[in-house]
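Participant: Here is the input, now give the coordinates:
(4 chains)
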Protein chains: 2
Amino acid sequence: MKKNGVSLSVIRRLPRYYRFLGDLLQNGVGRISSKELSQKMNLTASQIRQDLNCFGGFGQQGYGYNIEQLHREIGRIIGVDTMHDTILIGAGNLGSAIAAHMNFEKRGFRLVGIFDSDPQKSGEIIAGLPVRSTGELETFCRENHPTIAILCIPKTAAPKVAPQLVDLGITGFWNFSHYDLRVDHSDVVVENVHLGDSLLTLCYQVTHNRPEEDEGEK
Amino acid sequence: MKKNGVSLSVIRRLPRYYRFLGDLLQNGVGRISSKELSQKMNLTASQIRQDLNCFGGFGQQGYGYNIEQLHREIGRIIGVDTMHDTILIGAGNLGSAIAAHMNFEKRGFRLVGIFDSDPQKSGEIIAGLPVRSTGELETFCRENHPTIAILCIPKTAAPKVAPQLVDLGITGFWNFSHYDLRVDHSDVVVENVHLGDSLLTLCYQVTHNRPEEDEGEK
DNA sequence: TAGATTGTTAATCGATTAACAATC
DNA sequence: TAGATTGTTAATCGATTAACAATC
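Facilitator: Numbers count the residues shown, from 1 in each chain, chains lettered A, B, ... in the order given. Take a look at the predicted model:
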């Protein structure tokens, strides 16, 4: 199983493979060829074979891929079988939705603490966990050693909170704040989610979808 | 202002430019060079000039870019100044958060209706709008002609609901359901948001971040 | 064996970067 | 004018696609 020079574009496609294979598995499909899968996923068969081969030869000539095995292997590559203790910072509308809505345990994360700067929220139960005040953060981290933080906080708070969390042992961020988080510690990873950017992309597409308003000039 | 062969990667970067320029504008910065901007955005200066030139020459040699003007131009290219009447399907946890949390009007969208299949929810007020039953959807659309739908519904519902909505005049989807929505009408656009995939990408990164576990073999 | 489909190399395509003449 | 920085072309790099020999 090699793991050298896997490009970012391949990595970004892994979760999608994992999801499609999971669906097929649930539908009781046992095997699939790169061609069939390419049609379902709107990719080329070449690309699928190329992608999968970054990690090893999971297929069998003349047969295709065993879905159950491939799904399991990709899950292992992604690392869903190792749990990462996770805290949520910001229990507002979005934070609560994320806490309740994501299937963390199926994706390698275990939500262990929820924090909010608003003392009014303390004690509220979300996704089975009590909301704690931000003041408790330090003690909590020293005791429980969470490694991942989900940021559902305002744009301005993100650059202040993130370094504190790094000092408390956080090595991965899932960042929903409207701020481009970058951490220079080489052993800290960040996944920024910019819903606003996504909405603007939709806006662009809608705007430019109307049948060729202005064609022609150079 | 040309608009030919703008690649998807450039389009995906536009919202980010817009956001950074908006921030600079708020901080009272008047002009910026591609070099300065490239440092802030973690891109190359070349790329920025290349990108912006897809749409026209907004800069000035020896000076740089006027931030206020550039921000306005990119906003126009994205189309944030034209409002699209929008409905939200699914007023669960995530739907409510999206309704309350996004700044729709600043991004070219106006939320005009919220629908949920659960009759219990009818009448509830979210983001200033009453939740309606799915039964009212058809009448509502015929009367109000919304063009955009936000899907915060379960995976299984998406492929059923989407075609109905297209028939009712929806030409753009912001899809949060855990389903890869594809619509074959050429005049319908879809922006899929897969939070689960994003979380798995974080998982992959965290898993493969530990200092080079297994290096070596070919 | 014949048919199917992978793994993998080579060819193509597109996107990013570098360079520099144009010009403010 | 001299200095700065763009717009734009050319060079490089990387990712996707095509092709085919290997093999189940």
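
Participant: how about the strands in chain A?
Facilitator: Along chain A, the stretches classed as strands by DSSP state E are A:31-32, A:59-60, A:64-66, A:84-89, A:109-116, A:125-126, A:129-133, A:148-151, A:172-175, A:189-192.

Participant: And stretch A:77-94, end to end?
Facilitator: Terminal residues of stretch A:77-94 are spaced 29 Å apart (Cα to Cα, to the nearest Å).

Participant: Please identify the buried residues of the lengthiest helix in chain A?
Facilitator: In terms of residue count, the longest helix belonging to chain A (DSSP state H) is helix A:8-26. Within helix A:8-26, the residues scored as buried using 16 or more other Cβ atoms under 10 Å in any protein chain shown are A:10-11, A:13-21, A:23-24. No exception for glycine: its C-beta is placed from N, CA and C like everyone else's.

Participant: any residue of it up close to chain B?
Facilitator: Yes. Judged by Cβ under 8 Å from any Cβ of the partner chain, helix A:8-26 and chain B are in contact via A:11-12, A:14-16, A:18-19.

Participant: Let me see the residues that make contact with that helix.
Facilitator: By Cβ atoms under 8 Å, 6 or more residues apart in numbering or on different chains, the surrounding residues in contact with helix A:8-26 are A:32, A:37, A:40-41, A:43, A:48, A:51-52, A:54, A:67-68, A:70-71, A:74-75, A:77-78, A:80, B:178, B:180, B:194, B:196-198, B:200-201, B:204-205.

Participant: residue contacts, A:Ile126?
Facilitator: Contacts of A:Ile126 (Cβ under 8 Å, 6+ apart): A:91, A:95-96, A:99-100, A:114.

Participant: quick check, nearest of the residues you listed to DNA strand C?
Facilitator: Distances from DNA strand C to those, taken as Cβ to the nearest atom of the strand, are shortest for A:Gly95 (32.1 Å).

Participant: how many other residues sit next to the closest one?
Facilitator: Using other Cβ atoms under 10 Å in any protein chain shown, A:Gly95 has 26 neighbouring residues.

Participant: measure it to chain B for me?
Facilitator: Applying Cβ to the nearest Cβ, to the nearest Å, the value for A:Gly95 to chain B is 8 Å.

Participant: Is it correct that that residue is in contact with A:Val131?
Facilitator: No. Between A:Gly95 and A:Val131 no contact is recorded; they are 9.3 Å apart, counting by Cβ atoms under 8 Å.

Participant: Can you say which of the contacts of A:Ile126 are buried?
Facilitator: The buried subset of the contacts of A:Ile126 - by 16+ other Cβ under 10 Å - is A:91, A:95-96, A:99, A:114.

Participant: Can you pick out the most distant pair from those?
Facilitator: A:Ser96 and A:Ile114 (8.7 Å; Cβ to Cβ).

Participant: quick one: common contacting residues for the two?
Facilitator: Counting by Cβ under 8 Å, 6+ apart, the common neighbours of A:Ser96 and A:Ile114 are A:126-127.

Participant: Can you name the residues that contact A:Lys155?
Facilitator: Each residue near A:Lys155 by Cβ under 8 Å, 6+ apart is listed here: A:177-179.

Participant: can you do 10 Å?
Facilitator: A:Lys155 makes contact with A:177-180, A:196, B:19, B:23, according to Cβ atoms under 10 Å, 6 or more residues apart in numbering or on different chains.

Participant: Ok, A:Leu168 next?
Facilitator: A:87, A:137-138, A:140-142, A:145-146, A:149.

Participant: Just the buried residues of those.
Facilitator: A:87, A:137, A:140-141, A:146, A:149.

Participant: In chain A, mark out all the helices, start to finish.
Facilitator: Under DSSP H, chain A gives helices at A:8-26, A:34-41, A:45-53, A:67-78, A:93-101, A:137-144, A:158-167, A:195-207.

Participant: want to throw the ones you listed into TSV with distance to DNA strand D and mean pLDDT?
Facilitator: Converted to TSV, the helices of chain A look like this (distance: least, Cβ to the nearest atom of the strand, whole Å; pLDDT from 0 to 100):
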stretch	distance to DNA strand D	mean pLDDT
helix A:8-26	4	97
helix A:34-41	9	98
helix A:45-53	4	97
helix A:67-78	13	97
helix A:93-101	29	95
helix A:137-144	36	98
helix A:158-167	26	97
helix A:195-207	18	98
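
Participant: circling back to that earlier point, looking at the contacts of A:Ile126, which is nearest A:Ile153?
Facilitator: Taking Cβ to Cβ as the measure, A:Gly95 is the one of the contacts of A:Ile126 closest to A:Ile153, at 8.1 Å.

Participant: The closest one contacts A:Ser117, correct?
Facilitator: No. Here A:Gly95 does not reach A:Ser117: they are 11.4 Å apart, not a contact under Cβ atoms under 10 Å.

Participant: Name the residues contacting each of these two.
Facilitator: A:89, A:153.

Participant: and A:Ala91, backbone torsions?
Facilitator: phi -110, psi 40 (degrees, to the nearest 10).

Participant: one step back: and of the contacts of A:Ile126, the nearest to chain B?
Facilitator: Of all the contacts of A:Ile126, the one with the least separation from chain B (Cβ to the nearest Cβ) is A:Ala100, at 4.9 Å.

Participant: That closest one touches A:Ala127, doesn't it?
Facilitator: Yes. The pair A:Ala100 / A:Ala127 is scored as a contact, 5.0 Å apart, by Cβ under 10 Å.
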